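Trainee: take this sequence and fold it.
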Amino acid sequence: MSKFALVCHPATPDAAVSALGAEVQPDAAGLAVDFHLSGELAALRIPDVATPLPPERLWAHTCFELFVGAVGEAAYREFNFSPNGQWMRFDFADYRARVPSPAGPAPRIAVSADEGGLGLSVLLPAPLLPAGRLCIGLTAVVEHADGSHTYWALRHPVAQPDFHHRDGFALALHAVNP
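Mentor: As a prediction, the model looks like this:
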């Protein structure tokens with residue numbers, strides 16, 4: 001598994017989160033991603049199983065995200081994973097040009113938490129991934145108790161947080177789908 005540190009966008013500094021990272025492992029079953037947030041969890045709003053959210057707005061709360069596209073293609077997918085176990089998929093034909101998402105298998109999600117951290121593990125089945133060489137954006141939105149948000153990613157290519165910007169898809173992997 002390869003480990004990556006996510007960085008907070010400089011426009012939204014975060015004193016409550018001491019570290020946010022991800023581990024990524026492609027294999028024949030799909031793509032496994034483990035997100036790890038360390039910090040003062042009491043200072044954050046973290047949805048729990050008893051807190052269902054509108055699936056199309058998981059990103060408006062503490063949420064781990066994965067953006068996946070094929071190198072050289074404009075199309076990409078966005079996956080949102082909430083600590084309450086919910087998830088959502090968005091398909092795009094080009095930058096923020098949303099198109100209907102075809103049916104597909106559900107990812108497997110596991111969440112763990114203790115006083116110093118939050119973990120979310122997901123296995124995206126291979127059929128949810130494009131074929132060929134992948135470019136991936138690992139991101140997270142962290143909601144604070146006061147309702148403010150911070151934005152974390154492998155790379156922040158523009159002045160304002162924008163996870164859809166293709167230059168933020170900073171991880172290159174070979175797809176598990178030939």
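
Trainee: where does this protein dip in pLDDT?
Mentor: 1, 175-178 (pLDDT under 70).

Trainee: which residues touch the most centrally placed residue in it?
Mentor: To find the centre residue of the chain, average its C-alpha atoms and take the closest one (Cα atoms, centre = their mean): that gives Glu65, at 1.3 Å. Counting by Cβ atoms under 8 Å, 6 or more residues apart in numbering, Glu65 touches Trp59, Glu78, Phe79, Asn80, Phe81, Gly137, Leu138, Thr139, Ala140, Val141, Phe163. Just so you know, the C-beta spots here come from the backbone N, C-alpha and C atoms, and that holds for glycine as well.

Trainee: repeat the analysis, applying 10 Å as the threshold.
Mentor: Under the criterion of Cβ atoms under 10 Å, 6 or more residues apart in numbering, the neighbours of Glu65 are 35, 58-59, 78-81, 88, 90, 137-141, 151-153, 163.

Trainee: where do the helices sit along this structure?
Mentor: Counting by DSSP state H, the chain forms no helices at all.

Trainee: quick one: the strands in it?
Mentor: Per DSSP state E, the chain carries strands over the ranges 2-5, 7-8, 17-27, 30-39, 63-70, 76-81, 87-94, 97-99, 108-114, 117-125, 133-143, 149-153, 171-174.
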